[in-house]
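>>> The following block contains a protein sequence and its predicted model.
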Amino acid sequence: MVGLVLVSHSPDISKGLKKMLDEAQPKVTVLDAGGTDEGEMGTSAMKIQTAIEKADNGDGVVILVDFGSSVMNAEMAIDFIEDAHSVKIADAPFIEGAYSAVMEAGFGKSLDDVVESAVQAKDTKKVQ
Amino acid sequence: MVGLVLVSHSPDISKGLKKMLDEAQPKVTVLDAGGTDEGEMGTSAMKIQTAIEKADNGDGVVILVDFGSSVMNAEMAIDFIEDAHSVKIADAPFIEGAYSAVMEAGFGKSLDDVVESAVQAKDTKKVQ
Amino acid sequence: MFTAEMARQWIKESAKKIESHKEQLTDLDQALGDGDHGLNMTRGFKAAVEQLPEETDEPGKVLKTVGTSLLSKIGGASGPLYGTLFMKAGSQLEGTTVQLSDLSSGLRVGVEGMKKRGKAEREEKTMIDLLEPVIEIMEEKGNELTADQLIDKAKEALEHVKEYEAKKGRAAYYKEKSKGKQDAGAQSSYYLIESLASVLEMDGEA
Amino acid sequence: MFTAEMARQWIKESAKKIESHKEQLTDLDQALGDGDHGLNMTRGFKAAVEQLPEETDEPGKVLKTVGTSLLSKIGGASGPLYGTLFMKAGSQLEGTTVQLSDLSSGLRVGVEGMKKRGKAEREEKTMIDLLEPVIEIMEEKGNELTADQLIDKAKEALEHVKEYEAKKGRAAYYKEKSKGKQDAGAQSSYYLIESLASVLEMDGEA
Ligand SMILES: Nc1ncnc2c1ncn2[C@@H]1O[C@H](COP(=O)(O)OP(=O)(O)O)[C@@H](O)[C@H]1O
Ligand SMILES: Nc1ncnc2c1ncn2[C@@H]1O[C@H](COP(=O)(O)OP(=O)(O)O)[C@@H](O)[C@H]1O
Ligand SMILES: [Mg+2]
Ligand SMILES: [Mg+2]
Ligand SMILES: [Mg+2]
Ligand SMILES: [Mg+2]
C-alpha cells in the first residue's frame, strides 16, 4: 500500500491533517513531517527523509507539500534516498490533495494513481 | 481591510494556519473557526458566524473552507448574518488559498480581489 | 392531527432508536466515511431531547428548536443537513392545528432546503434518498397516511439507496465501491421515519 | 590558495556578520516574507561554526559539513538553498590544494544547484542575484582575484537586486510592490561575500 508523508511549515497543520486522514483510512501509513526538527514553523529535509523511509511499505510514497521550503526540502530528502523513483511529490493542494490521496492509497491503488488523485483534487468545486 | 475566517474540520489545522498567516501579514484580522464548539474534529455554524462578525472591519470577510460540512456550515452561518453580501466563501484550496488571500487583504485589496487571489492559488505549480 | 406532543414524542423516540443503533451507524460511516455518524447523531439527538420546548402547543416551534439543537451539536455534515430539515419544516408549520398534510408540506420544504444545502439530488446515496420518497408518499396520502405506509416506503427506499453509487460527501471518494454498502445518513433517516411511524401508530390507537 | 583554515575563517566571519545584522535580516524578511531570515541564518551559522571540522586540511570537507549544518538547522527556504550551495561547492573541491579558481568552479556548481533547487533564475530577486554575479567575477579573475573586486561586485549586485520584482519565494506575493525593497536572502549573501573578501584580504596581507 502506498504511504503518505505530510510536509507543512506548521507542525499543527500536518498533525491535524494526519488525524483526519487516519479517521478516513486507518490502514494507510501516514507520516507527519511538518515543522522543523525543533517543532517550530518551517521544514526539515532530515525529518522528511526519515518519514519517507518509515512510510514506505514497498509500494512507494507520495509527499504532500504546502509551499516554498516544503518543496525544496522534500526534493532534498528524495535526493538523499536510494530508491528515489518510488517517491513522488504531488503537485496538489495540501489538505484536499492529501484527502484524495489517502482514499486512493487505501483502495490499494498504484503510486501514479495516488499522485494523480491528489493532483485532481484541485478541480473539485467547493462552492457553485 | 478584508478579514479572513478559517474553517477546517481539524482545529489544529486552522490554528496552525492562522499562526502562519499572522507571520506573513500581522495586520490582517484572521479568525480561526476550525473544529466543533467542543474543539473536536468537525465544524460549527455558530462558531463560524461569531468569527465572521469579529473578522469584519467593514470591508467584508472571505471564508476559507476545507470540504464537506465546512462549506455547508459556512453557508448556514452566512444565512444567519444580516450583511451577507459582504461575506464570501472562496472556492480555493484551504492552505494555499488562505495564504494568497491574506497577502492581498494586507495590500488593502477589495473583497472580490481577495477572493479571486485565493481561487487563483489553485494554479500555482509546486513541482515541475 | 400532528400535535406538539407528537412532535416531542417523535424526537424522543428518534433519540432512543439512534442511541440503540449508535454502533451500526458508526460502522456504516466507518466503511464509507470517517466513522463519526453514530456519535454525531447520538450527541445531536440527546441535545435535541434536552432542549425540547415542553410548554409549547405549536409543533412548528418544537421542530424548529430541534433543528437548532442538531445544527449546534453535530459537527459533521449531518448537522447542517438535519438542522436545515427540521428548521425549515418547523418554520413552515404555523400555529397549533397541524394536519398530517401540513406536516408533509413542512417536510417537503425541509428536504428541499437540505438538497440545496448539500447541493445534492436524488440517487446520490444520501439521507435524501430515504427522506424524499417518504415525503412523497406522505404528500400522496395526505391526512389518510398510515404508519405502515411510512414504514413500507422507508424500507423500500433503504434497499434502493444501498445500491446507488455515492456522489456526495466523503462516501463519494469510494465511487463504484460504494455500491452495495448502506449509507449511514440514509440509515439514520430510516430511524427518524420509523420513529415518526410509531408516533402516528400510537396516535391512531389512542 | 584557498586553505581549509581559510574556509573555516570564512564561516566564522560570516556567522559574526550575520549575528550582528540579525535584526536587519529580520526586518527585510518581515517586509517581504515571514520575518524569520535573521533568526534562521543566525541559528544556521551558529551550528555551522560549532560543527566546523577543525582537523581537516581539505577545504571541500569544511564546506560540505557547513552545507549539512545549514540544511539541518535552517527551517526556511534558505536552509536547502545555502545547504545546496555549500554541499555542492564542497563536493567539487578535491584534496588539500585548492586555488581561488577552483573555489570559483566549486561555487559555480553550488549556485547552479541552488538555482535548480529553487527553480530560480537571475533577476528574480533572490540570493542568486547576489551570488551569481560575484561568482562570475571570480571566474573572470581566476587566481588574480582581489578582495576589493569581490566587494565591489557584491555591492553593485546588491543595488540591482533591490530594484528587481520578486518572482520566487514569499516575496513573490508582493509583485511590483517588492521593487525598491531589499531581498533578505540577497542581503545575507552579501555578508557571506564580505566575509570571504575579508578572509582573502587577510591571506593577502599574511
Ligand atoms: N452533500 C451532501 N448532501 C446530502 N447528504 C450528505 C451530503 N454529504 C453527506 N451527506 C450525508 O451525511 C452523512 C454523513 O454524516 P456525518 O457522518 O455526520 O458527517 P461527516 O461526513 O461530516 O462526518 C452521509 O452518510 C450522507 O447521508
Ligand atoms: N525559490 C527560491 N529560489 C531562490 N531563492 C529563494 C527562493 N525562495 C526564497 N529564496 C530566498 O530565500 C530568502 C528567504 O529565506 P528564509 O526567510 O530563510 O526562508 P522562508 O521564506 O522559508 O522563511 C529570500 O529572501 C530569497 O532570497
Ligand atoms: Mg462521518
Ligand atoms: Mg465527521
Ligand atoms: Mg523567511
Ligand atoms: Mg520561514
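Cool, the structure landed. Ligands and ions are numbered 1, 2, ... in the order given.
>>> all helices of the chain, in order?
With no chain named, the answer covers chain A. Counting by DSSP state H, chain A has helices at residues A:11-24, A:45-55, A:69-80, A:94-106, A:111-120.
>>> sorry, should have said chain C
C:4-20, C:22-32, C:37-50, C:59-73, C:78-92, C:100-118, C:128-141, C:147-163, C:184-205.
>>> Any part of the second one near chain A?
No: in this structure, helix C:22-32 remains apart from chain A according to C-beta under 8 Å from any C-beta of the partner chain; the gap is never smaller than 8.7 Å. In this view, the C-beta of every residue, glycine as well, is placed from N, C-alpha and C.
>>> Now do that helix: distance to the chain's middle.
The chain centre lies 17 Å from the centre of helix C:22-32; the measure is C-alpha atoms, centre = their mean, to the nearest Å.
>>> What is that helix packed up against?
helix C:37-50, helix C:184-205 (3 or more C-beta pairs under 8 Å, 6 or more residues apart in numbering or on different chains; DSSP states H and E).
>>> which ones are touching the residue in chain A positioned nearest to ligand 6?
At 5.5 Å from ligand 6, A:G42 is the closest residue in chain A, using C-beta to the ion. By C-beta atoms under 8 Å, 6 or more residues apart in numbering or on different chains, the contact set of A:G42 is A:H9, A:G35, A:T36, A:S69, D:D36, D:N40, D:I74, D:G75, D:G76, D:G79.
>>> Also C:E50?
Applying C-beta under 8 Å, 6+ apart, the residues near C:E50 are C:S69.
>>> Over to C:P80?
Counted by C-beta under 8 Å, 6+ apart, C:P80 has contacts B:A45, B:S69, B:M72, B:N73, B:E75, B:M76, C:L71, C:R117.
>>> and of the residues you listed, the nearest to B:I89?
Of all the contacts of C:P80, B:E75 has the smallest distance to B:I89: 7.0 Å, by C-beta to C-beta.
>>> For C:G44, see how far away the residue nearest to C:E121 when sequence neighbours are not counted is.
Nearest non-adjacent residue to C:E121, counting by C-beta to C-beta, 6 or more residues apart in numbering or on different chains: C:K115, 6.8 Å away. Computed as C-beta to C-beta, to the nearest Å, the C:K115 to C:G44 distance reads 20 Å.
>>> before we move on, what about A:V5?
Noted for A:V5: a distance of 36 Å to C:G44, by C-beta to C-beta.
>>> more crowded one of the two?
A:V5 (31 against 26; other C-beta atoms under 10 Å in any protein chain shown).
>>> hang on, C:I151 packs against C:S195?
No: here C:I151 lies out of contact with C:S195, judged by C-beta atoms under 8 Å, at a distance of 10.7 Å.
>>> Overlap in contacts, those two.
Counting by C-beta under 8 Å, 6+ apart, nothing touches both C:I151 and C:S195.
>>> Can you lay out the helices of chain C as CSV showing distance to D:V62 and mean pLDDT?
Below are these laid out as CSV (distance: least, C-beta to C-beta, whole Å; pLDDT from 0 to 100):
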stretch, distance to D:V62, mean pLDDT
helix C:4-20, 69, 98
helix C:22-32, 56, 98
helix C:37-50, 59, 98
helix C:59-73, 63, 98
helix C:78-92, 61, 98
helix C:100-118, 63, 98
helix C:128-141, 68, 98
helix C:147-163, 69, 98
helix C:184-205, 62, 94
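>>> of those, which approaches A:T29 most closely?
Across these, closest to A:T29 is helix C:22-32 (C-beta to C-beta), at 18.6 Å.
>>> Can you give me the distance of A:V71 to ligand 2?
Per C-beta to the nearest ligand atom, to the nearest Å, A:V71 is found 8 Å from ligand 2.
>>> what's that residue in contact with, if anything?
A:V65, A:I89, B:K126, B:V127.
>>> try C:T42
C:T42 makes contacts with C:I18, C:E19, C:K22, as judged by C-beta under 8 Å, 6+ apart.
>>> so which of the helices of chain C is the most packed in?
With neighbours defined as mean count of other C-beta atoms under 10 Å in any protein chain shown, the helices of chain C peak in mean count at helix C:78-92, which reaches a mean of 26.
>>> follow-up on the earlier one: among the contacts of C:P80, which two are most distant?
Across the contacts of C:P80 (C-beta to C-beta), the longest gap, 11.9 Å, separates B:E75 and C:L71.
>>> re earlier: list just the nearest of the contacts of A:V71 to ligand 5.
Looking across the contacts of A:V71 and measuring by C-beta to the ion, the closest to ligand 5 is A:V65, at 16.7 Å.
>>> any idea how far that closest one is from A:T50?
A:V65 is 16 Å from A:T50, by C-beta to C-beta.
>>> the more surrounded of the two?
The neighbour comparison of A:V65 against A:T50 (other C-beta under 10 Å) goes to A:V65, with 29 against 16.
>>> just to revisit the earlier point, closest one to ligand 4 among the helices and strands packed on helix C:22-32?
helix C:37-50 (6.6 Å).
>>> quick one: the closest one near ligand 4?
No: using C-beta under 5 Å from the ion, helix C:37-50 stays clear of ligand 4, coming no nearer than 6.6 Å.
>>> can I get the CA coordinates of that helix in CSV?
What follows is helix C:37-50 as a C-alpha-only set of coordinates in CSV (Å, rounded to 0.1, in the frame of the first residue of the first chain):
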residue,chain,number,x,y,z
HIS,C,37,-22.1,9.4,12.3
GLY,C,38,-23.2,7.3,15.3
LEU,C,39,-21.6,9.7,17.7
ASN,C,40,-22.8,12.7,15.9
MET,C,41,-26.4,11.6,15.8
THR,C,42,-26.4,10.4,19.4
ARG,C,43,-25.0,13.6,20.6
GLY,C,44,-27.3,15.7,18.5
PHE,C,45,-30.5,13.9,19.4
LYS,C,46,-29.5,13.9,23.1
ALA,C,47,-29.2,17.7,23.0
ALA,C,48,-32.4,17.9,21.0
VAL,C,49,-34.3,16.0,23.7
GLU,C,50,-32.8,18.0,26.5
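>>> Find the closest residue to chain D in chain A.
A:G42 (2.2 Å; C-beta to the nearest C-beta).
>>> hang on, the earlier thing: which of the contacts of C:P80 tops the neighbour count?
Busiest of the contacts of C:P80 [other C-beta under 10 Å] is B:N73, holding 32 neighbours.
>>> The residue nearest to C:E121 reaches C:E124, doesn't it?
No: the pair C:K115 and C:E124 fails to qualify as a contact (C-beta under 8 Å) at a distance of 9.6 Å.
>>> shared neighbours of those two, anything?
Overlap of the contact sets of C:K115 and C:E124 (by C-beta under 8 Å, 6+ apart) is empty.
>>> for the residue of chain C found nearest chain B, what are its contacts?
Residue nearest to chain B within chain C: C:G75 (2.1 Å; C-beta to the nearest C-beta). By C-beta under 8 Å, 6+ apart, the residues touching C:G75 are B:9, B:35-38, B:40-44, B:69, C:36, C:40.
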